[in-house]
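Asks: Next input, structure requested:
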Amino acid sequence: MRNVALVVLAVLVAAGCGAAPQKRYFTLSYPLMSDRVTESRPPLHPVKMRIKPFRVSLPYDRPQMVYRQSPFEFNYDPYRLWASKPQQMLRELVEEHLVAARLMGEVTRDFGDQSPAYELGAEVLAIEEYDAGDAWYGHLAMRFDLIRFSDQRVLWHYEFDRKGRVHEQRQVYIVRALSEILRDEMKVVTAELDRIISQDRGVPVTLSMPAPAQDNPSAATAPVTPAPARSPASTDELIVPDEGGTR
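Replies: Numbers count the residues shown, from 1 in each chain. Next comes the predicted model:
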């Protein structure tokens, strides 16, 4: 009987180990829409812009995804992680967007042999899942600055703080909402950069300002109440598999 009990215990322990949630890695992404006119025309400003390393608020400077169920507490998900740190991921996406828009003659994250005419800096103020009872939001807030490199003068400042509501508490939808917020805001950032740089260089403005994006009206004022317990992610949320397997 003792041997039978040991076998049963071993099976139960093995089953428990196998049921541990698998880590899943996510990244923001959206299509870079570039029409034929944009692709065929020369850059709007034939000068160099450097994308400075982005800063990030300390609670978000980690690979674990943040979710909040009250204004006073941060929670970190050990099984849902960013594929790279938020400040690095967003810096790359901003660079890719500006390159696709053909805003500058050169957009780079490095200094290279030639000093840039302008530097674009940003700070990630929030990138998280915001749980409000039976409603869930992707929350993204950022602050941008454009600096003229020759005299280090700040020419432009822009800040946004937006929430996008999702109707199912799955991380893939939160990430999609965050991606859509960034896509909309980068259209504004690109048009604003064209306006400010055109003024600084004394040339006509080319890009028109897009219509303001509308968040869910209740997103900014949604009451914060305890959210349901979080369950492990399903397999269709998987973006990048964990090479180490289950924990």
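Asks: CA only for contacts and neighbour counts going forward, please
Replies: Noted.
Asks: Show me the strands in the protein, by range?
Replies: Listed in chain order, the strands of the chain (DSSP state E) span residues 24-26, 45-51, 55-56, 64-70, 73-82, 104-108, 118-132, 135-148, 153-166, 240-241.
Asks: Compare the ones you listed and give me the one nearest residue 172.
Replies: Minimum separation from residue 172 across the strands of the chain (CA to CA) falls at strand 24-26, 7.8 Å.
Asks: Point out the other elements, helices or strands, that that closest one touches.
Replies: Helices and strands in packing contact with strand 24-26 are listed as strand 73-82, strand 240-241; criterion 3 or more CA pairs under 8 Å, 6 or more residues apart in numbering; DSSP states H and E.
Asks: Can you tell me the strand partners of the first one and which way each runs?
Replies: As defined by DSSP bridges, the strand partners of strand 73-82 come to strand 24-26 (parallel), strand 64-70 (antiparallel).
Asks: if we compare the ones you listed, which one ends up closest to residue 100?
Replies: Judged by CA to CA, the one of the strands paired with strand 73-82 that comes nearest to residue 100 is strand 24-26, at 22.7 Å.
Asks: what is the mean pLDDT for that closest one?
Replies: In this model, strand 24-26 carries a mean pLDDT of 96.
Asks: Now it: buried residues?
Replies: Of the residues in strand 24-26, those scored as buried under the neighbour-count criterion (16 or more other CA atoms under 10 Å) are 24-26.
Asks: can you list those in CSV and add distance to residue 158?
Replies: Written out in CSV, the entries for the buried residues of strand 24-26 read as follows (distance: CA to CA, whole Å):
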residue, distance to residue 158
24, 33
25, 30
26, 27
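Asks: show me what contacts the spatially closest residue to residue 105 that is not a sequence neighbour?
Replies: Closest residue in space to residue 105, ignoring its immediate chain neighbours: residue 46 at 4.1 Å, by CA to CA, 6 or more residues apart in numbering. With contacts taken as CA atoms under 8 Å, 6 or more residues apart in numbering, residue 46 has the following neighbours: 104-106.
Asks: So which of the residues you listed is surrounded by the most neighbours?
Replies: Of all these, the highest neighbour tally under other CA atoms under 10 Å goes to residue 104, namely 22 neighbours.
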